[in-house]
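Student: A predicted structure for the sequence below; I have some questions about it.
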Amino acid sequence: MRYNGAVASPRNIVILGSTGSIGTQTLDVAARLGPERVRVVGLAARGNVALLAQQVRATGARRAATVDEDRGPELESLLAGTGVAAAWGPETLTHLATLPEADTVVVAVAGAAALEATVAAARAGKRICIATKEVLVAAGDLVTREARGHGAEILPIDSEHSAIFQCVQGYQPGDISRIYLTASGGPFRTWTAEQIARAGVEDALKHPTWRMGGKITIDSATLMNKGLEIIEAAWLFGLPAASVEVVVHPQSVVHSFVEMRDGALLAQLGVPDMRLPIQIALCHPDKVDTGLPRLSPREMGPLTFEAPDTERFPALALARRAAETGGTAPAVLNAANEAAVAAFLDGRISFPAICGQVERALQAHTPRPADTLEAVLAADAEGRATVAAHVSKGNT
């Protein structure tokens, strides 16, 4: 934060998911910004308590937590003598997200696990730097309503949504005609339907551009990540999902387009490096040179764009169906997808069966209003249970 161009006080941040891809890159950005701009006050992770303890020692964070109750004593032992308060259990995410000394919460926990913590952060009036798109997919109405009611900010970390955020500064939602989210196309962009049907886990994890966690990499392969991002963008920018489109851009240089009412087409370009959108979310509205890689127009090479193939990649149509249905349907979409991706990564279902399982869950669901946390969590549980039941019966 600045006052008359000078740094007035640093942001005090909590990172939920500090040992994952986004979490470790956030710590890299924090180190580049320095303690005069960013102080890490709390870190939370799943089961990698060894790395979590290293991060605590490196940053000077005074709070640390693991959601894995079985690893809690190990974390406490690793932090013995540091004076750091160690905690464990699922509820610790919410505790860290509402720390009085923190003004900014980075939500980078994969999947819907961070839902309750994000709602709590919104109610506490925090700046929420959100990488976990599933939160807004499942509970966009609830989270954005709580944020408005309590003066919280929601700033996107996804490269596509960060690009849109940068393009629309100074404009109102009514000024925007439509948004185009760019997609790399994933590892199967040029594969035939027959080849995709035989794809294994190793094939699906070979993303051509980005280096990400397992779940989001599989979502990129099915294009479900773009389906989820359509719903996320609608909540972030106050647009109907029908005004959010997807265009395949294999080079991953243009991160999104925004078409204005007057026909002007705005875009944000950059190298495929998540640290820049992370830094933008942490520092907005400040612009800080931290030595991150830059894009040279002279060295870009050709840029290509194409429409997604919804026959080979049915996830986009499933996401649009859930968005149009509304209520708890997106929560079921997201939960069923998480469960199906986990089953695929475990070798229990085939790659095409991921979308098949999601479709079954949506068909079995009777949508209800998603206006409370309890309603969203119930829909989430239903989506997972539906997939679990089908997988256990061998209905893949």
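Tutor: Ah, there it is.
Student: okay, which residue is most central for the protein?
Tutor: The residue lying closest to the centre of the chain (Cα atoms, centre = their mean) is Thr132, at 2.6 Å.
Student: that residue is in contact with Val105, isn't it?
Tutor: No - the criterion here is Cβ atoms under 8 Å, and Thr132 misses it with Val105 at 11.0 Å. No exception for glycine: its C-beta is placed from N, CA and C like everyone else's.
Student: tell me where the chain has strands.
Tutor: Ranges of strands in the chain, per DSSP state E, are 2-3, 6-7, 11-16, 38-45, 63-66, 85-88, 104-107, 127-130, 153-156, 176-183, 244-248, 254-260, 265-269.
Student: returning to that earlier point: common neighbours of Thr132 and Val105, please.
Tutor: Listed as contacting both Thr132 and Val105 by Cβ atoms under 8 Å, 6 or more residues apart in numbering are Thr118.
Student: let's have the strands of the chain in TSV, adding mean pLDDT.
Tutor: Below are the strands of the chain laid out as TSV (pLDDT from 0 to 100):
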stretch	mean pLDDT
strand 2-3	37
strand 6-7	52
strand 11-16	98
strand 38-45	98
strand 63-66	97
strand 85-88	93
strand 104-107	98
strand 127-130	98
strand 153-156	98
strand 176-183	97
strand 244-248	98
strand 254-260	98
strand 265-269	98
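Student: highest average neighbour count across these?
Tutor: Burial of these is given as mean neighbour count (mean count of other Cβ atoms under 10 Å); strand 104-107 ranks first at a mean of 28.
Student: partner strands of it, parallel or antiparallel?
Tutor: strand 11-16 (parallel), strand 127-130 (parallel) (DSSP bridges).
Student: contact partners of it?
Tutor: 11-17, 22-23, 26, 96-97, 114, 117-118, 121, 126-132, 135, 157, 278, 281-282.
Student: so where's this protein shaky on pLDDT?
Tutor: 1-8, 111-112, 208-213, 395-396 (pLDDT under 70).
Student: what's the closest of the strands of the chain to Ile354?
Tutor: Of all the strands of the chain, it is strand 176-183 that lies closest to Ile354, at 16.7 Å by Cβ to Cβ.
Student: residues touching the closest one, excluding its own?
Tutor: With Cβ under 8 Å, 6+ apart, strand 176-183 has contacts from 160, 164, 168, 220, 223, 225-226, 229-230, 233, 237, 239, 243-249, 252, 254-261, 263, 305, 308.
Student: what do you get if the cut-off is 6 Å, keeping everything else the same?
Tutor: 160, 164, 226, 229, 233, 243-249, 254, 256-259, 261 (Cβ atoms under 6 Å, 6 or more residues apart in numbering).
Student: also stretch 52-59?
Tutor: The contact list for stretch 52-59 (Cβ under 6 Å, 6+ apart) reads Ser18, Thr19, Val40, Leu43, Ala45, Ala64, Leu78, Leu79, Val84.
Student: tell me the contacts of the second one?
Tutor: Yep, that's Thr19 we're talking about. Taking Cβ under 6 Å, 6+ apart, we find Thr19 in contact with Ala45, Asn48, Leu51, Leu52.
Student: widest-spaced pair of the residues you listed?
Tutor: The span of those, defined through Cβ to Cβ, is set by Ala45 and Leu51 at 7.3 Å.
Student: and which of the contacts of Thr19 is nearest to Glu146?
Tutor: Ala45 (25.0 Å).
Student: biggest helix in this structure by residues?
Tutor: Determined from DSSP state H, the single longest helix within the chain is helix 373-392.
Student: helices and strands around that helix, which ones?
Tutor: In terms of contacts (3 or more Cβ pairs under 6 Å, 6 or more residues apart in numbering; DSSP states H and E), helix 373-392 is packed against helix 329-345, helix 353-364.
Student: using PDB, write out every CA atom in it.
Tutor: Listed next in PDB are the C-alpha coordinates belonging to helix 373-392 (Å, rounded to 0.1, in the frame of the first residue of the first chain):
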ATOM      1  CA  LEU A 373     -23.100 -22.300   3.000                       C
ATOM      2  CA  GLU A 374     -25.100 -25.400   4.200                       C
ATOM      3  CA  ALA A 375     -26.900 -25.700   0.900                       C
ATOM      4  CA  VAL A 376     -23.700 -25.500  -1.100                       C
ATOM      5  CA  LEU A 377     -21.900 -28.000   1.100                       C
ATOM      6  CA  ALA A 378     -24.900 -30.400   0.900                       C
ATOM      7  CA  ALA A 379     -24.800 -30.100  -2.900                       C
ATOM      8  CA  ASP A 380     -21.000 -30.700  -2.900                       C
ATOM      9  CA  ALA A 381     -21.400 -33.800  -0.800                       C
ATOM     10  CA  GLU A 382     -24.200 -35.100  -3.100                       C
ATOM     11  CA  GLY A 383     -22.100 -34.700  -6.200                       C
ATOM     12  CA  ARG A 384     -19.200 -36.600  -4.700                       C
ATOM     13  CA  ALA A 385     -21.500 -39.300  -3.400                       C
ATOM     14  CA  THR A 386     -23.100 -39.800  -6.800                       C
ATOM     15  CA  VAL A 387     -19.700 -40.300  -8.500                       C
ATOM     16  CA  ALA A 388     -18.500 -42.600  -5.700                       C
ATOM     17  CA  ALA A 389     -21.500 -44.800  -6.000                       C
ATOM     18  CA  HIS A 390     -21.200 -45.200  -9.800                       C
ATOM     19  CA  VAL A 391     -17.400 -45.800  -9.600                       C
ATOM     20  CA  SER A 392     -17.800 -48.400  -6.900                       C
END
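Student: quick check: most distant residue from the centroid of the chain.
Tutor: Gly81 (34.8 Å).
Student: roughly how far apart are it and Ala64?
Tutor: Going from Gly81 to Ala64 by Cβ to Cβ, to the nearest Å gives 14 Å.
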